[in-house]
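Colleague: Following is a predicted model, sequence given first.
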Amino acid sequence: MDLALVHTASPGPARAAFIQAYGGVDVARALRVRGVGARLSGFLAPYAAAVGRPALLATALVGWVERSIRRSTPLGFWRSVVS
């Protein structure tokens, strides 16, 4: 769960530093983390809308799009930190 939270809430350089300090991750874990991160962003968006937090809503939606829809390499960021 800690990796999913970092993946969801942190920009690329902060993510990379955390993953390197964590000791790296294998490919299967990287894919699971990306999926959980997408779900977390998806759950956060309706909450942000319901409580009237437009900045949080925007961040959640951007995170969801980046983790769910974007057509980049399957591992994207993770490719550089997978052990």
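Modeller: Cool, the structure landed. Numbers count the residues shown, from 1 in each chain.
Colleague: surely residue 49 meets residue 55?
Modeller: No. Contact status for residue 49 versus residue 55: not in contact, 11.8 Å apart, counting by C-beta atoms under 8 Å. The way it works is simple: take the backbone N, C-alpha and C, and place the C-beta from them, glycine included.
Colleague: how about residue 25, phi and psi?
Modeller: phi -140, psi 160 (degrees, to the nearest 10).
Colleague: unless I'm mixing things up, it is touching residue 19, no?
Modeller: Yes. Between residue 25 and residue 19 there is a contact under C-beta under 8 Å: 6.4 Å.
Colleague: neighbour count winner among these two?
Modeller: Just comparing residue 25 and residue 19: by other C-beta atoms under 10 Å the higher neighbour count belongs to residue 19, 23 against 17.
Colleague: And the more buried one, what's its pLDDT?
Modeller: At residue 19, the pLDDT value in this model is 82.
Colleague: Can I get the helix or strand hosting it in CSV? Just the C-alpha atoms.
Modeller: If you go by DSSP states H and E, residue 19 is part of helix 12-22. Only the C-alpha atoms of helix 12-22 are listed here, as CSV (Å, rounded to 0.1, in the frame of the first residue of the first chain):
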residue,chain,number,x,y,z
GLY,A,12,8.2,11.4,-10.7
PRO,A,13,11.4,12.5,-9.1
ALA,A,14,10.0,12.0,-5.6
ARG,A,15,8.7,8.6,-6.6
ALA,A,16,12.0,7.6,-8.0
ALA,A,17,13.8,8.5,-4.8
PHE,A,18,11.3,6.6,-2.7
ILE,A,19,11.5,3.5,-4.8
GLN,A,20,15.3,3.5,-4.8
ALA,A,21,15.3,3.9,-1.0
TYR,A,22,12.7,1.2,-0.8
